[in-house]
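Student: give me a model of this one.
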Amino acid sequence: MDHHCPWVVNCVHFHNFKYFIQFLLYAELYMLYLFFVMMYEFYLICGFDVSYLKNEHTWNLVQHVVCITFNIFTLVMYSVSVFNVSRNRTTMESAHPTFFFVGGKNSHGFNLGCRTNFRELMGDKWYLWPFPIFSSRGDGLSFPLAVERLKEVRTDNQRKDDGPTRAQIVKGNVTRILGIHHTSFDRE
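Tutor: Numbers count the residues shown, from 1 in each chain. Below you'll find the predicted structure:
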């Protein structure tokens, strides 16, 4: 799950994230079109003379303010979503990094590179990217990991690759607390 979107009244997740990105792109293009049409209308009505608008067409200023506000909001949402796609993470993962047993908390564990990340979401056929056709890779239950990035986190945290993993440490602590002793198979 990426997030719950009140615009589409649904949760944005693996199976509809491509459509959400397309929705934001097309909404932003439409808002830009509206902005330029309204600026042209503004020029035709008063020749960019704001004092004329105050006297005759104050409603026109409200329309421009609403259009600019929606344009900025849509642009920010689209930019954040594309940035998250380029890093192959959801909005939740950008706020709270994913915990991996191998490398611990890591916000780059799924980052396969910008181009591959877009292909994970949009599919292998570039000519289908602008159309609302499901072409994403995978099934939505398992995702490829960037194993090299997980190893980078281990070396960044000053941990040796031959040392015990976090899972092994937890298992050792639990067996010690519960008093479970494993017999060694070396003695016969």
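Student: check what pLDDT Gly103 gets.
Tutor: Here, the pLDDT recorded for Gly103 equals 64.
Student: ok, the one 3 residues further on next?
Tutor: As summarised for this prediction, Asn106 has a pLDDT of 70.
Student: look up how far Lys171 lies from it.
Tutor: In this view, Asn106 and Lys171 are 21 Å apart by C-beta to C-beta, to the nearest Å. Any C-beta I mention is one placed from the backbone N, CA and C, and that applies to glycine too.
Student: pull stretch 112-132 out as CSV, backbone CA atoms only.
Tutor: The C-alpha coordinates for stretch 112-132 follow below in CSV (Å, rounded to 0.1, in the frame of the first residue of the first chain):
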residue,chain,number,x,y,z
LEU,A,112,17.2,-1.2,-8.4
GLY,A,113,18.2,2.0,-10.3
CYS,A,114,16.0,4.7,-11.7
ARG,A,115,15.4,3.1,-15.1
THR,A,116,14.6,-0.4,-13.7
ASN,A,117,12.4,1.1,-11.0
PHE,A,118,10.2,2.8,-13.7
ARG,A,119,10.1,-0.5,-15.6
GLU,A,120,9.0,-2.3,-12.5
LEU,A,121,6.0,0.1,-12.2
MET,A,122,5.2,0.9,-15.9
GLY,A,123,6.2,-2.4,-17.5
ASP,A,124,8.7,-3.5,-20.1
LYS,A,125,6.8,-2.1,-23.1
TRP,A,126,7.5,1.7,-23.2
TYR,A,127,4.7,2.3,-25.7
LEU,A,128,2.1,1.2,-23.1
TRP,A,129,3.3,3.6,-20.5
PRO,A,130,0.9,6.5,-21.3
PHE,A,131,-2.2,4.2,-21.5
PRO,A,132,-4.2,2.9,-18.6
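Student: now that stretch: average pLDDT?
Tutor: 87.
Student: for stretch 48-57, same thing?
Tutor: Stretch 48-57 comes out at a mean pLDDT of 68.
Student: just stretch 174-187 next, same as before
Tutor: 64.
Student: in three-state terms, label the residue nearest the centre of the chain for me.
Tutor: Nearest to the geometric centre of the chain sits Asn84, at 3.1 Å (C-alpha atoms, centre = their mean). Counting by DSSP: H, G, I helix; E, B strand; the rest coil, the backbone at Asn84 sits in helix.
Student: list the contacts of His4.
Tutor: 10-12 (C-beta atoms under 8 Å, 6 or more residues apart in numbering).
Student: quick one: buried ones out of those?
Tutor: Val12 (16 or more other C-beta atoms under 10 Å).
Student: turn the contacts of His4 into TSV, including pLDDT.
Tutor: Output for the contacts of His4, formatted as TSV (pLDDT from 0 to 100):
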residue	pLDDT
Asn10	82
Cys11	85
Val12	84
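Student: so which of the contacts of His4 belong to strands?
Tutor: 10-12 (DSSP state E).
Student: and those residues, which is closest to Gly179?
Tutor: Of all the ones in strands among the contacts of His4, Gly179 sits closest to Cys11, with 45.1 Å by C-beta to C-beta.
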